[in-house]
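Participant: what follows is a predicted structure for the sequence shown.
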Amino acid sequence: MKVLFIEDEVKFQKTFAEFFSKEDLEVVSAYDGISGLRLAEEHLPDIIVLDLILPKKDGFQVLAEIKKNPLLQAIPVIILTNLEGVEDIEKAVSLGASSYLVKANYSMSEILNEIRKALILKEN
């Protein structure tokens with residue numbers, strides 16, 4: 001399974017990639033919204049984990065473009081961010097996010113469980 005992780009924090013990217021590679025998940029890393037969209041089209045990942053606060057193009061814009069793109073729109077997108085506002089959550093869900101996780105509230109194992117749940121839903 002291939003995960004595209006769009007996140008601008010280099011340290012978090014590295015931790016995420018190390019943890020998930022041990023779980024037999026291939027991680028493709030993007031550090032801004034524009035490269036995230038490009039890599040999504042190039043790699044056609046099984047799932048996308050997306051931060052909302054990104055350089056060049058924010059996560060809301062990236063999510064909207066993913067869901068408008070016929071090549072990408074069926075790929076589940078999990079939001080993983082520090083934004084906790086109800087408006088942010090509602091906006092992300094209305095744009096098509098599969099789930100919305102606040103970084104501080106989830107361990108890597110819990111994030112992995114959310115990814116697995118989203119992949120199971122995608123298959124059904």
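Facilitator: Structure's in. What do you need?
Participant: buried ones in stretch 55-66?
Facilitator: Across stretch 55-66, burial judged by 16 or more other Cβ atoms under 10 Å covers 57, 58, 59, 60, 61, 62, 63, 64, 65, 66. C-betas here are computed from N, CA, C, even on glycine.
Participant: check stretch 4-13 too.
Facilitator: Neighbour counts over stretch 4-13 (16+ other Cβ under 10 Å) mark 4, 5, 6, 7, 8, 13 as buried.
Participant: got the contact list for that stretch?
Facilitator: Contacts with stretch 4-13, where a contact means Cβ atoms under 8 Å, 6 or more residues apart in numbering, come from 16-17, 27-33, 36, 39-40, 43, 45, 47-51, 53-55, 59, 62, 80, 103.
Participant: in strands, which of those appear?
Facilitator: Counting by DSSP state E, these place 27, 28, 29, 30, 47, 48, 49, 50, 80 in strands.
Participant: thought residue 65 was touching residue 37?
Facilitator: Yes - using Cβ atoms under 8 Å, residue 65 is in contact with residue 37, at 5.8 Å.
Participant: picking that back up, need the buried residues of stretch 55-66 in a markdown table with pLDDT, can you?
Facilitator: Output for those, formatted as a markdown table (pLDDT from 0 to 100):
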| residue | pLDDT |
| --- | --- |
| 57 | 96 |
| 58 | 96 |
| 59 | 97 |
| 60 | 97 |
| 61 | 97 |
| 62 | 98 |
| 63 | 98 |
| 64 | 98 |
| 65 | 98 |
| 66 | 98 |
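Participant: pull the most distant pair out of those.
Facilitator: Taking Cβ to Cβ as the measure, those span a maximum distance of 12.9 Å, between 58 and 66.
Participant: mind giving me the ChimeraX select for the contacts of stretch 4-13, buried ones only?
Facilitator: Buried subset of these, written as a ChimeraX selection, criterion 16+ other Cβ under 10 Å:
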select :16,17,27,28,29,30,31,32,33,36,39,40,45,47,48,49,50,51,54,59,62,80
